[in-house]
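Engineer: below are the sequence and a predicted model for it; my questions follow.
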Amino acid sequence: MAEISIRNVAKRFGDFTALHSIDLTVADQEFMVLLGASGCGKTTLLRIIAGLESPSQGEVWIGGGRVDHLPPRQRGIAMVFQNYAVFPHLTVFENIAFGLRMQKLAEGEIQHRVNRTAELMHIEQLLKRYSGQLSGGQRQRVAVARALAMEPDVILMDEPLSNLDALLRLEMRAELKGVLAESKTTTIYVTHDQVEAMSLADRIAVMNKGRIVQAEKPIEVYRNPAARFVGSFIGNPPMNFLPAMKAENGSWRVADVVFKGPTSEHDEVAFAIRPEDLAPSGTGLPAEVRVIEPLGPHVLVTCEVDGHLFRAVLDSDLELKRGQTIRLAPSPDRIRWFDPETEQSLQAH
């Protein structure tokens, strides 16, 4: 069992607090993604789990034992970095075998593990090559194979695909998900790329300013953001937000349309809807078309609603012109509401 438990972990660098009282549990064999913009604290948290940084407070537990006082080599972990850290003067075989030789394993066991992980990563034909002869994607596969060969309880990955081009990233995402599921390893993966997070994760922990804002399954994070930040960060294009003014009978007025909404002490809350959850309708929100961007079967339409930027993903066969006003109706079950002060999600009644 390799459950990871982060308990009240904080990290301070002088007067700057990089992490604020983080609590997070990663289940055995779970693929957890830490997602957030640069500077949100995700890599700092990963380094604390790895033992490369010490927490200012709190505890780290792996497999039922406390490890925050242990050096990295005693934590049962392997790491894959953004820059791969593959040794150019060694062959692919020797790169994968490096950690195993450090553990002084028998030569037969080293051979077995190297061959097995090379097959898993589809690089068995490259074992005799030097890493300087490899492409970026091949070097990345070597780095992952080297980590898997250690048979760790936990693999920690820090933006491992960010140096690859778009097509290779797509290929490696599919590869990683299958390989790590087969290896039954608990994985924590750091990225700022929401597509990577959505496609790889069993759960996503969205981070902002040193805090975990929401930790849920990808579809839950996407459909039901716990905070306005999550809705604005997840999704391309992100959620639309409009001011909603309190109307009669517990309703809320958005532009010139009235919606049933949450109970709130405020006279104004934030109305939110994703661009793909809108459809043309005579009773929808009045939207003046500003920009039309064809996207194959769909068209991304940037509009202005009540003086606010507003985007909709619509069918491409819709006849639209810049400057015309259309009405866009949100799917009622997809509307979300947020408190204007806390920016936390509000429950509609």
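Structural biologist: It's in.
Engineer: show me how the chain divides into domains.
Structural biologist: Per the record's domain assignment (automatic domain parsing), the chain is made up of the domains 4-229, 238-346.
Engineer: any chance of the ones you listed in JSON lines, plus mean neighbour count?
Structural biologist: Heads up, the C-betas are built off the backbone N, CA and C, glycines and all. Written out in JSON lines, the entries for the domains of the chain read as follows (neighbours: other CB atoms under 10 Å):
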{"stretch": "domain 4-229", "mean neighbour count": "18"}
{"stretch": "domain 238-346", "mean neighbour count": "16"}
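Engineer: ok, of those domains, where does mean pLDDT dip lowest?
Structural biologist: Ranked by mean pLDDT, these bottom out at domain 4-229, which scores a mean of 91.
Engineer: from the chain's centroid, how far away is that one?
Structural biologist: 13 Å (CA atoms, centre = their mean, to the nearest Å).
Engineer: pretty sure L46 sits against A205.
Structural biologist: No: taking contacts as CB atoms under 8 Å, L46 lies outside contact range of A205: 11.1 Å.
Engineer: between those two, what contacts are shared?
Structural biologist: Among the neighbours of L46, those also in contact with A205 (CB atoms under 8 Å, 6 or more residues apart in numbering) are L34.
Engineer: helices or strands up against the longest helix along the chain?
Structural biologist: Among the segments of the chain that qualify as a helix by DSSP state H, the longest is helix 166-183. Contacts defined by 3 or more CB pairs under 8 Å, 6 or more residues apart in numbering; DSSP states H and E place helix 166-183 against strand 31-35, helix 107-120, helix 136-149, helix 194-200.
Engineer: 10 Å instead, please
Structural biologist: Packing contacts for helix 166-183, counted by 3 or more CB pairs under 10 Å, 6 or more residues apart in numbering; DSSP states H and E, involve strand 31-35, helix 107-120, helix 136-149, strand 154-158, strand 186-191, helix 194-200.
Engineer: okay if I get the ones you listed as TSV plus distance to R211?
Structural biologist: Supplementary listing: the helices and strands packed on helix 166-183 in TSV, determined by distance: least, CB to CB, whole Å:
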stretch	distance to R211
strand 31-35	12
helix 107-120	36
helix 136-149	29
strand 154-158	19
strand 186-191	16
helix 194-200	17
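Engineer: to A97, which of the ones you listed lies closest?
Structural biologist: helix 107-120 (5.1 Å; CB to CB).
Engineer: one step back: contacting residues around the longest helix of the chain?
Structural biologist: Applying CB atoms under 10 Å, 6 or more residues apart in numbering, the external contacts of helix 166-183 come out as 29, 31, 80, 117, 120-122, 135-138, 140-141, 144-145, 147-148, 151-152, 155, 157, 160-164, 185-187, 189, 193, 195-196, 199-202.
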